[in-house]
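In: Mind looking at a prediction? Sequence and model below.
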Amino acid sequence: MTYNNKAKLKTLYVKQILEEETDAEHGLPMRQIIERLEQFDIKAERKSIYNYVVYDSSTVEKPYALALGQSEQVKVFAKLPSKFKIDTPLGNYNPDWAYVEEVDGKERVYFVMETKGGGNSTPSLRPAEKAKIDCARKHFEALAIEDVIYDVETTYHYVTA
């Protein structure tokens, strides 16, 4: 079976599993989805939801993607498409990443990150970027969702609860 056919089959099985075993109030942890796929003899070892990760920077985003892929705590990650926007008073803002991490045995901790050059404590930002990021930070604070954390990073570091 070719790679494309395997990928299509995996997608169909995931769709079937989600339709049969989840609803608006009851999700299914990634670990259980992977276990269900294994019952169909389908391997789900990749953490990225895409075949390839397109990155804007080989010095910041590429190492970040590699670190996400190698981390045992990261269950799945994605480079967000440019159409994923947060409206701010200063114009649309497009974060870089979303990933699910397991912290202290608890799954479904969602992070949306912005990756920038510089150090994690002082990333390199233009004034307009800093203002939009400040607005995005306020946006996520206003959502007040316990398991959603927004941050600006230059490297991936496992965060404990």
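Out: Thanks, I have it. This one's a predicted model, so the numbers in the text were calculated from it and none came from an experiment. Numbers count the residues shown, from 1 in each chain.

In: Run the chain-centre distance for stretch 136-150.
Out: Once both centres are worked out by CA atoms, centre = their mean, to the nearest Å, stretch 136-150 turns out to sit 15 Å from its chain's centre.

In: Now the terminal residues of it, how far apart.
Out: End-to-end distance of stretch 136-150: 8 Å, with CA to CA, to the nearest Å as the criterion.

In: Output the lowest mean pLDDT helix or strand found in this protein.
Out: When each helix and strand of the chain is scored by mean pLDDT, DSSP states H and E, strand 106-115 comes last, with a mean of 64.

In: List the buried residues for the helix or strand following that one?
Out: Using DSSP states H and E, the helix or strand that follows strand 106-115 towards the C-terminus is helix 127-143. Using 16 or more other CB atoms under 10 Å as the test for burial, helix 127-143 gives Glu129, Ala131, Lys132, Ile133, Cys135, Ala136, Phe140. C-beta: built from backbone N, CA, C; applies to glycine.

In: would CSV of the residues you listed with distance to Glu102 and pLDDT be doable?
Out: Output for these, formatted as CSV (distance: CB to CB, whole Å; pLDDT from 0 to 100):
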residue, distance to Glu102, pLDDT
Glu129, 31, 80
Ala131, 33, 87
Lys132, 30, 82
Ile133, 26, 81
Cys135, 30, 85
Ala136, 25, 81
Phe140, 20, 81
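
In: what's the closest of the residues you listed to Leu37?
Out: The shortest approach to Leu37 among the buried residues of helix 127-143 belongs to Phe140, at 31.6 Å (CB to CB).

In: how far out from the middle of the chain is the longest helix seen in the chain?
Out: When the chain is scanned for its longest helix (criterion: DSSP state H), the result is helix 3-21. Remark: helix 3-21 is offset 20 Å from the chain centroid, using CA atoms, centre = their mean.

In: circling back to that earlier point, I'd like the buried residues of helix 127-143 written out as JSON lines, with distance to Asp147 added.
Out: As requested, those are exported to JSON lines (distance: CB to CB, whole Å):
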{"residue": "Glu129", "distance to Asp147": "26"}
{"residue": "Ala131", "distance to Asp147": "26"}
{"residue": "Lys132", "distance to Asp147": "23"}
{"residue": "Ile133", "distance to Asp147": "21"}
{"residue": "Cys135", "distance to Asp147": "21"}
{"residue": "Ala136", "distance to Asp147": "17"}
{"residue": "Phe140", "distance to Asp147": "11"}
